[in-house]
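> This is a predicted model, with the sequence first.
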Amino acid sequence: MSFKKQIKSILLISGITALLTILVIVGLNVYIHLNTSCKIISNADELPASYCAIVLGAKVKENGALSNILKDRLQTALELYRIGKIKRFLLSGDHGRPTYDEVNAMKRFLQQHHVPDSVLFLDHAGFDTYNSMYRAKNIFQVTDAIVITQDFHLRRAVFTANQMGIDAIGFPSDKRLYESRHYLRIREYMANVKALYEIAIDKKPTFEGPPIPITGDSRRTFD
């Protein structure tokens with residue numbers, strides 16, 4: 001086979017492979033979308049009450065200030081708490097090193113808005129959505145929840161929670177246009193594929209631990 005024919009064959013195979021990869025990624029994203037189509041509610045009046053809200057972590061700045069994405073998640077959860085839609089908060093985020101702490105920053109925000117410590121449960125090992133939902137079910141023994149995050153992330157979060165055995169409804173926390181929204185939506189396509197893979201292999205979380213039931217008073221546990 002001549003050099004030109006070899007190059008053409010390589011390009012053809014590469015093109016077909018790339019096309020098939022794109023089709024698989026799109027197909028998996030459509031699958032998650034269809035499986036959560038009845039699980040997303042954006043009107044608080046139509047939202048069924050749940051014992052627990054799972055609030056997923058996001059970036060905290062070096063000075064401890066919340067990113068807009070995280071602030072809006074917490075503000076949304078606070079609003080639902082005030083109208084009686086939830087009774088407990090599970091604040092799940094990244095506190096994997098001493099110099100970076102999403103979880104206590106989330107707690108401080110809610111404390112400043114007069115939410116009692118007794119209803120604030122902290123998951124310091126919610127390093128990603130899969131870890132958060134796995135631990136919500138197996139460590140905090142959550143059976144039903146309202147999942148609070150932005151629209152770009154909400155379907156994956158709800159899908160993962162449902163696959164863990166949590167009866168989860170998603171409530172979007174979008175309160176503004178975010179500068180990184182286009183990047184985040186593109187990133188979500190690959191994150192959805194990763195989530196499906198982790199669920200399929202029943203991946204263990206980064207950290208496990210003894211049960212900390214979310215029922216009752218959080219002050220009986222160690223933060």
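Perfect, thanks for sending it. Residues are numbered from 1 along each chain as shown.
> show me where the chain has strands.
With DSSP state E as the criterion, the chain has strands at 52-56, 88-92, 120-123, 144-149, 167-172.
> Now do the helix or strand bottoming out on mean pLDDT in the chain: distance to the chain's middle.
Of all helical and strand segments in the chain, the minimum by mean pLDDT, DSSP states H and E falls on helix 3-35, at a mean of 83. Centre-to-centre, helix 3-35 and its host chain are 28 Å apart (C-alpha atoms, centre = their mean, to the nearest Å).
> What is that helix packed up against?
Applying 3 or more C-beta pairs under 8 Å, 6 or more residues apart in numbering; DSSP states H and E, we find helix 3-35 packed against helix 151-163, helix 181-200. Quick note: C-beta positions are derived from backbone N, CA and C, even for glycine.
> who touches stretch 60-74?
55-59, 100-102, 105-106, 109-110, 148-150, 173-176, 178 (C-beta atoms under 8 Å, 6 or more residues apart in numbering).
> ChimeraX command for the buried members of these?
The ChimeraX command for the buried members of those (criterion: 16 or more other C-beta atoms under 10 Å) is given here:
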select :55,56,57,58,59,101,102,105,106,109,110,148,149,150,173,174,178
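> so where's the protein uncertain?
In the predicted model of the chain, residues 1, 3, 221-223 satisfy pLDDT under 70.
> now with 50?
Filtered on pLDDT under 50, the chain yields the residue ranges 222-223.
> hmm, back to that, relative to helix 151-163, how tilted is the least confident helix or strand of the chain?
For helix 3-35 against helix 151-163, the angle by axes from the mean of the first three to the mean of the last three C-alpha atoms, to 10 degrees is 70 degrees.
> Helix 3-35: which residues count as buried?
Buried residues in helix 3-35, counted by 16+ other C-beta under 10 Å: Leu28, Asn29, Ile32.
> need the residues you listed in CSV with distance to Asp45, can you?
Output for these, formatted as CSV (distance: C-beta to C-beta, whole Å):
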residue, distance to Asp45
Leu28, 33
Asn29, 30
Ile32, 26
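> Out of these, which is nearest to Ala136?
For the buried residues of helix 3-35, the minimum distance to Ala136 (C-beta to C-beta) is 18.3 Å, reached by Ile32.
> any idea how far the closest one is from Thr160?
Relative to Thr160, Ile32 is positioned 9 Å away (C-beta to C-beta, to the nearest Å).
> same thing with Gln141?
For Gln141, the distance to Thr160 equals 17 Å [C-beta to C-beta].
> cool, Ile201 as well?
Distance from Ile201 to Thr160, counting by C-beta to C-beta: 14 Å.
> More neighbours: the two, which one.
Neighbours per residue (other C-beta atoms under 10 Å) separate Ile201 from Thr160, with Thr160 holding more: 27 against 8.
> contacting residues for the more buried one?
So Thr160 contacts Thr129, Tyr130, Met133, Ala195, Ile199 (C-beta under 8 Å, 6+ apart).
> if we take the residues you listed, which one ends up nearest to Leu120?
Closest approach between those and Leu120, by C-beta to C-beta: Met133, at 18.8 Å.
> what about the closest one, distance to Lys194?
For Met133 relative to Lys194 (C-beta to C-beta), the value is 13 Å.
> more neighbours, the two?
Neighbours were counted for Met133 and for Lys194 using other C-beta under 10 Å; Met133 has more, 33 against 14.
> Verify the contact between the more buried one and Ala157 for me.
Yes. If you go by C-beta atoms under 8 Å, Met133 and Ala157 touch, sitting 7.2 Å apart.
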